[in-house]
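Enquirer: Predicted coordinates and the sequence they were generated for:
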Amino acid sequence: MDKKKNRRVNFRISQCSSEDPDYPVSELLLQSPNSKGWQSKRFCQYPQTIVYELVEPTIIKQISILSHQSKIATKVVIHNKLDMNK
């Protein structure tokens, strides 16, 4: 099996508008079945934002966004940018 085919994307989180102390944004870095995931703080203002910074130029073929049955986003917006100055 080609290891690059199923490789996880190397990224860091450079911004998060809020987080619940029990579900911090750092949980998204784990990328494992044991991760609790991220949740915004209770009674937060919307929209909520998380900025992922890819460590290297990467071809993204799939993005998975999982939601709790009672905490489903009404809208998800994804932007991308290639910073040529890095």
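Expert: Thanks, I have it.
Enquirer: When you work out contacts or count neighbours from here on, use the C-alpha atoms and nothing else.
Expert: Noted.
Enquirer: Tell me the secondary structure at Leu28.
Expert: For Leu28, the secondary structure call by DSSP: H, G, I helix; E, B strand; the rest coil comes out as helix.
Enquirer: Ignoring the adjacent residues along the chain, who's closest to it?
Expert: Once flanking residues are discounted, Leu28 sits nearest to Gly37: 5.7 Å by CA to CA, 6 or more residues apart in numbering.
Enquirer: can you count the residues close to that neighbour?
Expert: The criterion is other CA atoms under 10 Å. On that basis, Gly37 has 20 neighbouring residues.
Enquirer: now Gln62
Expert: Neighbours of Gln62 under the rule other CA under 10 Å: 6.
Enquirer: again, but for Ile60
Expert: Around Ile60 sit 7 other residues, with neighbours defined as other CA under 10 Å.
Enquirer: residues in contact with it?
Expert: Residues in contact with Ile60 (CA atoms under 8 Å, 6 or more residues apart in numbering): none are found.
Enquirer: doesn't Val25 make contact with the residue nearest to Leu28?
Expert: Yes: with contact defined as CA atoms under 8 Å, Gly37 reaches Val25; the gap is 7.3 Å.
Enquirer: re earlier: give the full set of residues in contact with the residue nearest to Leu28.
Expert: In this structure, Gly37 makes contact with Tyr23, Pro24, Val25, Glu27, Leu28, judged by CA under 8 Å, 6+ apart.
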